[in-house]
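Peer 1: the following block contains a protein sequence and its predicted model.
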Amino acid sequence: MRATCCLCTTILFICSLSVVNSMAIQTANPRTSLFRAKSTTNTLMKKRFRIRRTRQEDLEQICSMLAQESTLLSESWNDRMHRLRVKSILHKQIMHRLQAVEEARRTAHRVKQQYTECTDEETCHLLWSNETVRKKIESAVSNSQERNAWQTRGFHQSPDPEMLNHCLLSVEDHNGVIVGFTEIAWLRRPFPTTSRGSIQQDRVLVPADVLDFTIPSCEETDDSYCHIEDQPDETKFAPAIINLVTASSHRRMGIASRLLHFCHLYTLAHWRCSEIGLYVHHENEQAKLTYLRRGFSVVSDKDGLLYMMLKRKCK
């Protein structure tokens with residue numbers, strides 16, 4: 001009986017000692033433990049989500065997220081009907097763009113296989129000679145509401161290669177549920193507000209019945225020509241992020257930041273351009289803060305929209 005008690009006491013003592021030792025090990029280096037915990041969390045977060053090309057079956061979830069962000073969250077009958085109408089419009093627009101991108105990608109793949117040494121310009125010309133590709137792009141443009149480069153260019157001539165780099169990206173979790181989406185498009189880059197303001201300051205106040213003019217920056221003589229600087233072109237285009245959205249249940253998980261970073265890398269790789277822009281509403285403070293943290297700066301402020309641009313080298 002005593003031997004049994006002594007054995008139990010010994011076992012309890014050893015167990016207590018092992019517990020104390022394990023607690024001492026865990027509390028000995030709190031910084032190391034915290035670093036390991038953060039590293040494990042970041043690794044798990046990266047494994048939880050995956051950025052990939054958008055598929056046809058993603059559109060239902062994508063358009064639901066976009067419609068929810070574009071309308072009031074009220075459950076009244078009118079608001080629900082309005083949300084459904086917005087969802088239907090978005091579904092039609094994105095579906096046409098996705099179909100055009102997929103058809104162009106398949107055709108370009110066949111062209112590259114047939115002509116191994118084909119340049120980007122030659123590939124673009126061969127793509128445009130394909131009637132199916134041309135009709136799908138024309139349909140996508142006619143259903144689009146964004147001011148894009150296609151609206152200023154006729155479909156009778158072959159487009160520039162950068163006009164065919166449109167990209168649709170989906171973010172899915174480990175269960176295959178779509179929790180994020182964005183597009184990269186070749187859109188109009190607005191006239192910088194600061195440049196416009198400086199031009200207006202250079203104007204001279206004259207009577208209303210006299211033609212307005214600006215102060216010349218140099219003087220022309222008989223043996224010299226005045227150097228006229230080109231004014232910023234309002235019809236210039238640049239890569240832009242549109243329809244960036246994350247699911248309401250997956251906010252503050254770094255999904256938007258990862259999409260922004262991926263879009264910047266895609267722009268560098270496919271457009272060979274170090275700048276990318278986006279539009280955001282004035283009242284969307286959370287989005288503006290996210291973009292500012294990612295290195296975007298305000299370039300233009302017009303019609304209730306801010307045009308922000310990121311211009312930096314890839315790390």
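Peer 2: Structure received. Numbers count the residues shown, from 1 in each chain.
Peer 1: which residues of the chain fall in strands?
Peer 2: Under the criterion DSSP state E, the chain contains strands at 50-53, 167-172, 178-188, 237-246, 275-281, 297-302, 305-311.
Peer 1: now do the buried residues in stretch 77-88.
Peer 2: 82-83, 86-87 (16 or more other CB atoms under 10 Å). Yep, even glycine has a C-beta here, placed from its N, CA and C like the rest.
Peer 1: what sits up against it?
Peer 2: Residues from elsewhere that reach stretch 77-88 (CB atoms under 8 Å, 6 or more residues apart in numbering): 63-64, 66-68, 70-72.
Peer 1: send the alpha carbons of that stretch over as PDB?
Peer 2: C-alpha atoms of stretch 77-88 as PDB (Å, rounded to 0.1, in the frame of the first residue of the first chain):
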ATOM      1  CA  TRP A  77     -38.500  45.500 -51.400                       C
ATOM      2  CA  ASN A  78     -37.400  48.500 -53.500                       C
ATOM      3  CA  ASP A  79     -33.700  48.100 -52.400                       C
ATOM      4  CA  ARG A  80     -33.700  44.400 -53.100                       C
ATOM      5  CA  MET A  81     -35.100  44.900 -56.600                       C
ATOM      6  CA  HIS A  82     -32.500  47.600 -57.200                       C
ATOM      7  CA  ARG A  83     -29.800  45.300 -56.000                       C
ATOM      8  CA  LEU A  84     -31.000  42.600 -58.400                       C
ATOM      9  CA  ARG A  85     -31.000  45.000 -61.300                       C
ATOM     10  CA  VAL A  86     -27.500  46.100 -60.500                       C
ATOM     11  CA  LYS A  87     -26.300  42.500 -60.300                       C
ATOM     12  CA  SER A  88     -27.900  41.700 -63.600                       C
END
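Peer 1: what mean pLDDT does it have?
Peer 2: Here stretch 77-88 scores 90 as its mean pLDDT.
Peer 1: one more: stretch 108-123?
Peer 2: Averaged over stretch 108-123, pLDDT sits at 85.
Peer 1: return the residues in contact with residue 56.
Peer 2: So residue 56 contacts 95, 98 (CB under 8 Å, 6+ apart).
Peer 1: okay, residue 135 and residue 261: tell me how far apart.
Peer 2: 35 Å (CB to CB, to the nearest Å).
Peer 1: so for these two, which sits in the more crowded spot?
Peer 2: Taking residue 135 and residue 261 together and counting by other CB atoms under 10 Å, residue 261 has the greater number of neighbours (17 against 13).
Peer 1: what's the closest residue to the more buried one other than its chain neighbours sitting at in phi/psi?
Peer 2: Distances taken as CB to CB, 6 or more residues apart in numbering place residue 294 nearest to residue 261, at 7.6 Å, with adjacent residues excluded. The phi and psi values for residue 294, taken as degrees, to the nearest 10, are phi -90, psi 0.
Peer 1: residue 294 and residue 308 touch, don't they?
Peer 2: No - with contacts counted by CB atoms under 8 Å, residue 294 stays clear of residue 308, the gap being 9.6 Å.
Peer 1: next, show the common contact partners of those two.
Peer 2: Common contact partners of residue 294 and residue 308 (CB under 8 Å, 6+ apart): none.
Peer 1: what about these two, which has more around it?
Peer 2: Just comparing residue 294 and residue 308: by other CB under 10 Å the higher neighbour count belongs to residue 308, 23 against 14.
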